[in-house]
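Enquirer: Build me a model:
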Amino acid sequence: MRVYAIADLHLASVTPKPMTVFGPNWAGHPEAIFQQWREVVRGGDLVLLPGDLSWAMRLPDAMTDLAPVAGLPGTKVLLRGNHDYWWPGLAKLRSALPPGMLAVQNDAVRVGRVVVCGSRGWLTPGYEALSADDDRLLRREAERLRLSTAAAA
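Expert: All right, here's what the predicted structure looks like:
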């Protein structure tokens, strides 16, 4: 089993948000990513998807974005990103995900001999000034990371 990771897919089939605002290289980005994925990833591989998967605001809309990803080769493990507003409670998400898609939040999952844990990242103290809200979110994510690594152990 090989392990890959790709983040920031920012899929927008239901909630249109053209990524070309970030430059012309983003034109058709989902198709380019999916084509390369099919060329590289095999069925027994693991693909980590650590966040910012869909611009959707609700789970049903995000599932429309995630459906083509689910159809790609490999087992996929999702972690929440700072733009994944659609992400509901973990039990609801896990029950909605198609086979071959797993989600991590405050815990860990095992795929073969690999254990995946993690948390949504946030600003790093010292890199830039943190607001009170940033500090609150950083502390929350640090606790989630603690729970996730404890589950991985």
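Enquirer: so who does the residue nearest in space to the middle of the chain touch?
Expert: Of all residues in the chain, the one closest to the mean position by Cα atoms, centre = their mean is Gly51, 2.9 Å from it. Neighbouring residues of Gly51 by Cβ atoms under 8 Å, 6 or more residues apart in numbering: Ala7, Asp8, Leu79, Arg80, Gly81, Asn82, His83, Asp84, Arg120, Gly121. The C-beta positions use only the backbone N, C-alpha and C, and glycine is treated the same way.
Enquirer: and the first one, that one's in a strand?
Expert: No - remark: Ala7 does not belong to a strand; assigned using DSSP: H, G, I helix; E, B strand; the rest coil, it is coil.
Enquirer: could you dump the contacts of Gly51 to CSV with pLDDT, secondary structure and neighbour count?
Expert: As requested, the contacts of Gly51 are arranged in CSV below (pLDDT from 0 to 100; DSSP: H, G, I helix; E, B strand; the rest coil; neighbours: other Cβ atoms under 10 Å):
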residue, pLDDT, secondary structure, neighbour count
Ala7, 94, coil, 14
Asp8, 92, coil, 13
Leu79, 96, strand, 24
Arg80, 94, coil, 23
Gly81, 92, coil, 20
Asn82, 88, coil, 13
His83, 90, coil, 16
Asp84, 94, coil, 17
Arg120, 85, coil, 19
Gly121, 79, coil, 15
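Enquirer: Specify which member of the residues you listed is nearest to Arg42.
Expert: Ala7 (20.6 Å; Cβ to Cβ).
Enquirer: Take the contacts of Gly51 and lay them out in CSV including distance to Met101.
Expert: Listed next are these as CSV, based on distance: Cβ to Cβ, whole Å:
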residue, distance to Met101
Ala7, 15
Asp8, 18
Leu79, 12
Arg80, 14
Gly81, 15
Asn82, 20
His83, 18
Asp84, 14
Arg120, 18
Gly121, 21
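Enquirer: Any buried residues in the helix or strand of the chain with the lowest mean pLDDT, and which?
Expert: Every helix and strand of the chain was ranked by mean pLDDT, DSSP states H and E. The lowest is helix 132-152, at a mean of 91. Buried residues in helix 132-152, counted by 16 or more other Cβ atoms under 10 Å: Leu137, Leu138, Glu141, Arg144, Leu145, Leu147, Ser148.
Enquirer: State the distance from the fifth one to Gly112.
Expert: Going back to what we said before, that points to Leu145. Distance, Leu145 to Gly112, by Cβ to Cβ, to the nearest Å: 23 Å.
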